[in-house]
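Engineer: Sequence first, predicted model second:
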Amino acid sequence: MNLTLASLSNNNLMLLSIILLLVIPLASISAWYLTIKFKKNKSEIKFVNTPVLATMLTLQITSIITAILSLLFYLGFIIEIPANEELALTMMIVFIVLSVVLSAAWFSMVIFFSNQIWFYIDKEEGKLVTLGENIKLSKITKIIEDESKSAVYINYLEGKRTLKKLKFSKTTTIGMYFLENASATGFKVENGNEINYFKEEVAKIRATALNVSKPEDKKQEAKKEKQENEDK
């Protein structure tokens, strides 16, 4: 029974190592591809936060290496098995945990701080691009400099009814660079309160959506009523 449980545990760990070796490199390659596109883009307005980018790349590479090591320990390439099976299993678990923690760190950077890594404004294609966002300039509604937050906010529409925002902190070099070149988006930076503006715009979008849906509802009701009369 104990041998069966141990075997299942080892197999689960091996499966986890394989999953990590599939997911981490694929996600990393996607980020590297976008970064290479950024490097090759000929736009005059582009900025890279080199220390942050270097940190992300280091975390990505290290997470891949630790995932590989975890599998090598399982297969006995580093420590001979079965003579040192317990040690090999321990080292495998250690490197799996390291790989997961490192991956979580750089995933968080991409999800929450992509605008702090690099960005560029492509006038020809009409877009503002960060590692995590690709914003059409035509979808921007307003750029607000909020002194109370020491930040600049790019408000834009995703689809027709979803308002989103991208923040650049004025306390960072990348944020100040964007502020200096924000006019390249075709919008003038306006002083204001981002929270109030965002709430008001969301309310307007919802009201507009409601007004559009009402005539449609009436049409559906009329159609249904007509169908019922015909059935009679």
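Structural biologist: Cool, the structure landed.
Engineer: measure Phe112 to Gly192 for me?
Structural biologist: Noted for Phe112: a distance of 24 Å to Gly192, by Cβ to Cβ, to the nearest Å. Every residue, glycine included, has its C-beta placed from N, CA and C.
Engineer: Among the two, which residue is more densely surrounded?
Structural biologist: The neighbour comparison of Phe112 against Gly192 (other Cβ atoms under 10 Å) goes to Gly192, with 16 against 10.
Engineer: Just the element for Ala67, please.
Structural biologist: If you go by DSSP states H and E, Ala67 is part of helix 50-75.
Engineer: on contacts alone, who are the packing partners of that helix?
Structural biologist: Applying 3 or more Cβ pairs under 8 Å, 6 or more residues apart in numbering; DSSP states H and E, we find helix 50-75 packed against helix 2-40, helix 85-113.
Engineer: Model confidence score at Leu57, please.
Structural biologist: Note for Leu57: predicted pLDDT of 97.
Engineer: oh sorry, the question was meant for Leu15
Structural biologist: At Leu15, the pLDDT recorded in the model is 87.
Engineer: Kindly report the same for Asp231.
Structural biologist: 57.
Engineer: domain parsing for this structure?
Structural biologist: 2-116, 133-222 (automatic domain parsing).
Engineer: Need those domains in a markdown table (columns: distance to Glu125).
Structural biologist: Formatted as a markdown table, these follow (distance: least, Cβ to Cβ, whole Å):
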| stretch | distance to Glu125 |
| --- | --- |
| domain 2-116 | 9 |
| domain 133-222 | 9 |
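Engineer: Which one of those has the poorest average confidence?
Structural biologist: Mean pLDDT is lowest for domain 2-116 among those, at a mean of 86.
Engineer: three-state assignment of Lys142?
Structural biologist: Using DSSP: H, G, I helix; E, B strand; the rest coil, the secondary structure recorded for Lys142 is strand.
Engineer: My guess is it contacts Val189. True?
Structural biologist: No. Under the criterion of Cβ atoms under 8 Å, Lys142 makes no contact with Val189, lying 9.2 Å away.
Engineer: residue closest to the middle of the protein?
Structural biologist: Taking Cα atoms, centre = their mean, the centroid of the chain lies closest to Ile111, which sits 3.4 Å from it.
Engineer: close enough to count as contact, that one and Thr130?
Structural biologist: No. If you go by Cβ under 8 Å, Ile111 and Thr130 don't touch, sitting 11.6 Å apart.
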